[in-house]
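1. Just to be clear, the model below is a prediction. Sequence and coordinates:
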Amino acid sequence: MSSLTFDRLGKSYSGAIVVSDVSMTIKEGEFVSLLGPSGCGKTTILRMVAGLVEPDRGRILIGDEDVTALPPNRRGLGLVFQSYALFPHLTVFENVAFGLRRRKVTGAELDKRVREALALVRLDAFAARYPRQLSGGQQQRVAIARALAPRPRVLLFDEPLSNLDAQLRDEMQIELKRLQRGLGITTLFVTHDQGEALSMSDRVGVMAKGVMQQFATPEDIYHRPATGFVAGFIGKPNRLSGQVVSRNGAGGSVRLGASLILPAAHVDAVEGAMVDVVIRQEAVGLRRGRAESDALAGVVALRSFSGPRVQYVVKLTDDVELVAEAPSSGPDSALAIGSKVLLAIDPLAVFAMTAEAIA
Amino acid sequence: MIRYRHGIMLLAPLALVLAGFFLLPVVMMLPTSFREYVPGLGLAPGVWTLENYTRIITDDYYREVIWRTLGLGLFVTLACLLLGYPLAYLIARGPERWRVPLILLVVFPMLLNLVVRSFGWIALLANRGLVNNLLTELGLIASPLKLMFNLTGLMIGLTHIYLPFMVLMLVAAIRNVPRDVEAAAATLGSSRAHVFAAVTLPLSAPGILAGSILVFVLTISALVTPRMLGGPTFKVMATLIYDEYMQLLDWPSGSALSFALTFMAIGVIWLSSRLTRNWAGMA
């Protein structure tokens, strides 16, 4: 068990910067996710930690040891791949035993530790099978057991759940989190799925274009995004263009369309500037009714049901359209198309940023 | 999905050609191999015999040719594998921009006629050929090395000719080995050499097997190069069969030898697939 530190890590491929001066420390036993769209550099960071990609600049430390120049086989890490990357020519037992054998564990001790690792992922009964005889979820669990068996200092996950179907993914999220808690192992988890990152992690690093945008707790990432990119990437955003009307501390108000004025808790531009306005769908409240004094009024233009939640496209004045997400049961839950509704928008979920900050 | 009936229809043209022009003549040869040949007269009418087959096993000369052919096949296959694997690995895993030029280089000799290539080797390997002359000039040898009309000459010539087949098969196989699986072995503590031995090599086994079978079968049935580099006296089965048919006009003996060669090839293929399966755990 060790901490993991990046010190001004950088990497370019033929002139294009993939990772730009990323520094962060993952504490001992902490579960940290790197979150971002594809091509943001998160996988490159993970591969640099594993020793599969050589950084151009910066250092990687496990505990106090500088491992930047070490080959992958001498870093003492466990890596779980999106593709599982099991050895197809070896049984489940031999797959899990692979790393132990490299550490000269033999005989009864080897047998015991392989059984232990397989028991952790509840695959004790499958030791004699070949990977091709297992389902995708089982293969992924073998891959996790294989990475855990040699008791690595740090566990790395490269989009490990992306190839699983939705239900299995949810199960595996909980199982993984429980495993990691139980073992107290320092973990770096790379994903493009914000649900995964927010629900599993102690802290999340959001990346864009090779730059670390924010490294904070899931709550801070969601409620207090540090940059326009994070605001636009996390949650389910509405993106509209508008103009800053007034400023007041960190917040102020913005105008959408010709006359729609909204208070916003985060305004990151000068008064009068044209901005992109991000409004979280889940922060737009809807209730049946007609316009009163200063309430926002609109008409339901489209309704889309997805089980626990319903999404409504609401048309406001000046042809401004907003998507609102509401629970699918309870009062005001079944609004028909054409219904007149009143909107309540939580200013804390309204972000105004210059356009380039979000792109 | 292709249905069974459609599959048959797609196969039909090739199957008909093979049946008519390959299978049928081969089957027609089968009775011939049990006939008796009377020199000067041809097939003895009404006589059936196993003599042509028993002779292959009992006759010292035939036995020697069979062992020589099998040995040649084995050595050429091994030489192609040892020379070809590093090259195939470089093509499969080296810089992208080298790939096409290297493959072209590998394939290039195949654009040249087989006879011309074999003559090239004669010019190099003969007693007063380039190699021997050079070594004599340098004072390294007093009398010329015997590089032709023996196993050495055939091995050199055939390895050169069949290397491209091996390399192309191996490139495809090595490119099919997932990089992630190799990376997984590395993170689990494998050095580069161990990654190669424990992952890359076994996972490219299907290509090693396919390439080896191809080269082996082509080698033991090769006619032109053994004839040119082996001369009239150093014979392998293909040249022996050719001579039985064309020089001695002993069709029954030639047919029996042909069948023997075919069954040897099938036997070796069967054995090597079994061995590879056990080694690489492939099903």
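-> Yes, it's here.
2. Now do the same contact list for residue B:132.
-> Neighbouring residues of residue B:132 by C-beta atoms under 8 Å, 6 or more residues apart in numbering or on different chains: B:125-126, B:141, B:144-145, B:147. Every residue, glycine included, has its C-beta placed from N, CA and C.
3. Quick one, which of those are buried?
-> Buried members of the contacts of residue B:132, counted by 16 or more other C-beta atoms under 10 Å in any protein chain shown: B:125-126, B:144, B:147.
4. how about these in JSON lines, adding pLDDT?
-> Compiled in JSON lines, the buried ones among the contacts of residue B:132 are given as follows (pLDDT from 0 to 100):
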{"residue": "B:125", "pLDDT": "92"}
{"residue": "B:126", "pLDDT": "91"}
{"residue": "B:144", "pLDDT": "88"}
{"residue": "B:147", "pLDDT": "89"}
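5. In helices only, show me the contacts of residue B:132.
-> If you go by DSSP state H, the contacts of residue B:132 have residue B:125 in helices.
6. out of the contacts of residue B:132, who's nearest residue B:62?
-> Comparing those against residue B:62 with C-beta to C-beta places residue B:147 closest, at 26.2 Å.
7. Go ahead and confirm the closest one touches residue B:131.
-> Yes. Between residue B:147 and residue B:131 there is a contact under C-beta atoms under 8 Å: 6.5 Å.
8. Quick check: neighbours shared by those two?
-> residue B:125.
9. ranges for the strands of the stretch 251-359 of chain A?
-> A:251-256, A:260-264, A:266-268, A:274-280, A:284-288, A:296-305, A:309-315, A:321-327, A:340-345, A:350-353 (DSSP state E, counting those that start in this stretch).
10. So for residue B:166, which of those strands sits nearest?
-> Of all the strands of the stretch 251-359 of chain A, it is strand A:296-305 that lies closest to residue B:166, at 58.6 Å by C-beta to C-beta.
11. ok, that closest one: who's next to it in the sheet?
-> strand A:309-315 (antiparallel), strand A:340-345 (antiparallel) (DSSP bridges).
12. can you put those strands in JSON lines and add mean pLDDT?
-> Below are the strands paired with strand A:296-305 laid out as JSON lines (pLDDT from 0 to 100):
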{"stretch": "strand A:309-315", "mean pLDDT": "90"}
{"stretch": "strand A:340-345", "mean pLDDT": "88"}
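13. now those strands in a markdown table, with mean neighbour count?
-> Shown next, in a markdown table, are the strands paired with strand A:296-305 (neighbours: other C-beta atoms under 10 Å in any protein chain shown):
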| stretch | mean neighbour count |
| --- | --- |
| strand A:309-315 | 19 |
| strand A:340-345 | 17 |
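14. Contact residues of the stretch 101-250 of chain B facing chain A?
-> Taking C-beta under 8 Å from any C-beta of the partner chain as the measure of proximity, the stretch 101-250 of chain B contacts chain A at B:178, B:180-181, B:183-192, B:194, B:198-199, B:202-203.
15. okay, and for chain A, where does confidence drop off?
-> For chain A, the stretches with pLDDT under 70 are A:1, A:290-295, A:331-332, A:355-359.
16. interface residues of it facing chain B?
-> So far as C-beta under 8 Å from any C-beta goes, chain A lies against chain B at A:50-52, A:71-75, A:77-79, A:81, A:83, A:85-90, A:98-99, A:102-103, A:130, A:143, A:146-147, A:150.
17. which of the residues you listed count as buried?
-> Using 16+ other C-beta under 10 Å, the buried members of these are A:50-52, A:72-73, A:75, A:77-79, A:81, A:83, A:85-90, A:98-99, A:102, A:130, A:143, A:146-147, A:150.
18. Give the closest residue to residue B:158 in space, chain neighbours not counted.
-> residue B:76 (4.7 Å; C-beta to C-beta, 6 or more residues apart in numbering or on different chains).
19. Next up, the contacts around that neighbour.
-> Neighbouring residues of residue B:76 by C-beta under 8 Å, 6+ apart: B:155, B:158-159, B:162, B:215-216, B:219.
20. could you redo these as JSON lines and give each row distance to residue A:230?
-> Shown next, in JSON lines, are the contacts of residue B:76 (distance: C-beta to C-beta, whole Å):
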{"residue": "B:155", "distance to residue A:230": "67"}
{"residue": "B:158", "distance to residue A:230": "66"}
{"residue": "B:159", "distance to residue A:230": "62"}
{"residue": "B:162", "distance to residue A:230": "61"}
{"residue": "B:215", "distance to residue A:230": "59"}
{"residue": "B:216", "distance to residue A:230": "62"}
{"residue": "B:219", "distance to residue A:230": "65"}
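21. re the thing from before, hmm, which of the residues of the stretch 101-250 of chain B next to chain A are the buried ones?
-> Among these, those classed as buried by neighbour count (16+ other C-beta under 10 Å) are B:178, B:180-181, B:183-190, B:198-199, B:202-203.
22. Tell me which residues of the biggest helix by length in chain A come out buried.
-> Counting by DSSP H, the longest helix found in chain A is helix A:166-183. Using 16+ other C-beta under 10 Å as the test for burial, helix A:166-183 gives A:168-169, A:172-173, A:175-177, A:179-180.
23. Of those, which is the nearest to residue A:315?
-> residue A:169 (35.0 Å).
24. mind listing the strands for the stretch 1-150 of chain B?
-> In the stretch 1-150 of chain B, the strands defined using DSSP E, counting those that start in this stretch lie at B:35-38, B:42-48.
25. Parallel or antiparallel, list what pairs with the longest one.
-> According to DSSP bridges, strand B:42-48 has the following sheet partners: strand B:35-38 (antiparallel).
26. contacts for the partner strand?
-> Contacts for strand B:35-38 (C-beta under 8 Å, 6+ apart): B:43-44, B:47-49, B:51, B:249-253.
27. Try it again at 6 Å.
-> Contact with strand B:35-38 is made by B:43-44, B:47, B:49, B:250, B:252, as judged by C-beta atoms under 6 Å, 6 or more residues apart in numbering or on different chains.
28. export stretch B:140-159 as CSV, just CAs?
-> The C-alpha trace of stretch B:140-159 is given here as CSV (Å, rounded to 0.1, in the frame of the first residue of the first chain):
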residue,chain,number,x,y,z
LEU,B,140,40.3,-19.1,-45.8
ILE,B,141,40.0,-22.4,-47.6
ALA,B,142,42.4,-24.4,-49.7
SER,B,143,40.0,-26.5,-51.7
PRO,B,144,36.4,-25.5,-52.6
LEU,B,145,33.7,-26.3,-50.0
LYS,B,146,31.1,-28.7,-51.3
LEU,B,147,27.9,-26.5,-51.3
MET,B,148,26.0,-28.2,-54.1
PHE,B,149,24.7,-31.6,-55.0
ASN,B,150,24.2,-32.3,-51.3
LEU,B,151,21.9,-31.4,-48.4
THR,B,152,23.6,-28.1,-47.7
GLY,B,153,22.9,-26.8,-51.2
LEU,B,154,19.2,-27.9,-51.2
MET,B,155,18.7,-26.4,-47.7
ILE,B,156,20.1,-23.0,-48.7
GLY,B,157,18.2,-22.8,-52.0
LEU,B,158,14.8,-24.0,-50.5
THR,B,159,15.1,-21.9,-47.4
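29. and that stretch, which residues are buried?
-> Buried residues in stretch B:140-159 (16+ other C-beta under 10 Å): B:144, B:147-149, B:153-159.
30. Ok, stretch A:98-115 next?
-> Neighbour-count burial for stretch A:98-115 [16+ other C-beta under 10 Å]: A:98-102, A:105, A:110, A:113-114.
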